[in-house]
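**Student:** Pasted the sequence and its predicted model underneath.
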Amino acid sequence: MPESSAAVPAPNSTPSDDTVLYSEKLWPNFWIWLVSAGLSGAGILVFAPISLAAGLTAAVVLFTIIAVLLVLSTPAITVTGSTLRVGRATIERRFVGTASAFRGQEATAERGTRLNGLAFLCIRGWIDPVVRIEITDPSDRTPYWLTSTRRPDELLAALNS
């Protein structure tokens, strides 16, 4: 028989480290879904000589496959008190340096002529603004992360908090 029936105290945890400060999914734009529907419609053209029902079935199956692939490949950006996650990459916030937002021609230059070959990229062609996040980890050869975002000001505010 146990000597005490007192509850065991929960381990100390800091809820502020797990609090999500910023979260965003880089969903495809409307025109990406429109292109997907158009490509799926090609199934009708391929299979219509066999049967119209086969063509319609092929179009539905193709659109389903494309939609599943688009949804599964949609990356997320999450900033918590202790970590930054962009797509599949995660880094502790203590290794995150300065962050800068770029739009328009500046964003194009960051994705192109100014791009460092060692940088980690999470770029989506249908999202114009990008945020460049410096990495200060001395054991990491990656100089910075470059990610697309629809809300660069909010991401910067979360990274600087």
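**Tutor:** Yes, it's here.
**Student:** Give the residue spans of the protein that score low on pLDDT.
**Tutor:** By pLDDT under 70, the low-scoring segments of the chain are 1-16.
**Student:** let's see 80
**Tutor:** 1-17 (pLDDT under 80).
**Student:** Number of residues surrounding residue 153?
**Tutor:** Neighbourhood size, residue 153 [other C-beta atoms under 10 Å]: 11. Placement of C-beta: from N, CA and C, glycine included.
**Student:** shouldn't it be in contact with residue 101?
**Tutor:** Yes - with contacts counted by C-beta atoms under 8 Å, residue 153 reaches residue 101, the gap being 6.6 Å.
**Student:** in the lengthiest helix in the chain, what's buried?
**Tutor:** Taking DSSP state H as the criterion, the chain has its longest helix at helix 52-72. For helix 52-72, the neighbour count (16 or more other C-beta atoms under 10 Å) marks 55, 58, 59, 62, 63, 66 as buried.
**Student:** next one: stretch 39-56
**Tutor:** If you call a residue buried by 16+ other C-beta under 10 Å, then stretch 39-56 has these buried ones: 40, 43, 44, 47, 55.
**Student:** repeat for stretch 102-116
**Tutor:** Quick answer for stretch 102-116 (16+ other C-beta under 10 Å): 102, 107, 110, 111.
**Student:** got a list of what the second one touches?
**Tutor:** Read that as residue 107. 128, 129, 130 (C-beta atoms under 8 Å, 6 or more residues apart in numbering).
**Student:** for the second one, what are its contacts?
**Tutor:** In other words, residue 129. Counting by C-beta under 8 Å, 6+ apart, residue 129 makes contact with 101, 102, 103, 107, 148, 149, 150, 152.
**Student:** how about a cut-off of 6 Å?
**Tutor:** Residues near residue 129 by C-beta atoms under 6 Å, 6 or more residues apart in numbering: 103, 107, 149, 152.
**Student:** Quick check: closest non-adjacent residue to the last one.
**Tutor:** What it means is residue 152. Leaving out its chain neighbours, the residue that sits closest to residue 152 by C-beta to C-beta, 6 or more residues apart in numbering is residue 101, at 3.6 Å.
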